[in-house]
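# For reference, the sequence and a predicted model appear below.
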Amino acid sequence: MHNSEIGRLARLLRHRAALTQEDLAKLTGLRRWKVVRLEAGDLAKLDMGDVERMLAALDARLDIRATYHGALADRLLDERHASIVAARVDLHRRHGWEPRVEVSFSDYGDRGSIDLLGWQAQTRTLVVEEIKSELGAVEGTLRPLDVKVRLAPKIARERFGWSALNVGRIMVLPEERTLRRQVERHEGVLRAALPARSRELSAWMRGPRGSIAGIWFLSDVQDLNRKRNPSAIRRVRKPRPRSDEAA
């Protein structure tokens, strides 16, 4: 969908909701000129977070997709996601948790998959981890996470025989400047839903007490996207002659 089509859709949805541009601006806490530019398809001059907020107020969602050499982008993202999952599984085991990966569920219309479900038997604590190699629409991330946390005790009991007293929720992101800025941009919403950060979450994983919710920026993960290019030029050092050869 091109920018102009996004603008047309926003205008049609606003009309359907019987809202003026000023109404939408007040509803989202943004200035009216941003609504005008959105409907004109002038998205280049708008922050993507503001576009997401305006569309969400109209019960719509912004879905941006980049492509790279066909399906190669998907494979690269899958590798990155898999490397983060592997690092988290290793951390769980080191701290005495029992991890389960890609736990799918279907419960009265709620369908999905928990990236990582962890169990600490001593304290009867569950943790639901949402693992992201990139941060998309905040609302589109938090709502599914709420569903997973709500269903986690039932899933754990029926699938694994785990009877939980407490359930934690952690969103795991790779330590990157861009992602840090995105989190800061949505600080108000994310702090309300996921207030704890890496250091506090790390302490909780070592000795969980009660429930916790937060964002963990993971730095000790192997980045599979940064393998050396085999076609790159390499410097080759010639072996030094031995002393008897030099003589």
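Ah, there it is.

# in this structure, which spans are strands?
In the chain, the strands defined using DSSP state E lie at 98-107, 110-120, 125-131, 166-174, 213-218.

# Tell me which residues touch Val149, please.
Residues in contact with Val149 (CB atoms under 8 Å, 6 or more residues apart in numbering) are Val128, Val167, Arg169. Every C-beta, even on glycine, is put in place using the N, C-alpha and C of the backbone.

# With distance to Ile212 as added columns, please give those residues in CSV.
What follows is the contacts of Val149, written out as CSV (distance: CB to CB, whole Å):
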residue, distance to Ile212
Val128, 11
Val167, 9
Arg169, 8
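
# Could you identify which of the residues you listed has the most neighbours?
Val128 (25 neighbours; other CB atoms under 10 Å).

# That one touches Leu151, doesn't it?
No. Using CB atoms under 8 Å, Val128 is not in contact with Leu151, being 9.1 Å away.

# on that earlier part again, so which of the contacts of Val149 is the closest to Phe217?
Comparing the contacts of Val149 against Phe217 with CB to CB picks out Arg169 as the nearest, at 15.7 Å.

# so what pLDDT did the closest one get?
Here, the pLDDT recorded for Arg169 equals 98.

# Could you measure from it over to Arg150?
Noted for Arg169: a distance of 10 Å to Arg150, by CB to CB, to the nearest Å.

# looking at the strands of the chain, which is buried most?
Mean neighbour counts were taken over those using mean count of other CB atoms under 10 Å, and the top value, a mean of 24, falls to strand 125-131.

# Sheet-wise, list the partners of that strand with their directions.
With DSSP bridges as the test, strand 125-131 is paired with strand 110-120 (antiparallel), strand 166-174 (parallel).

# who's in contact with that strand?
Contact with strand 125-131 is made by 81, 84-85, 88, 97, 114-120, 141, 144-145, 148-149, 152-153, 156, 162, 164-172, 205, 208, as judged by CB under 8 Å, 6+ apart.
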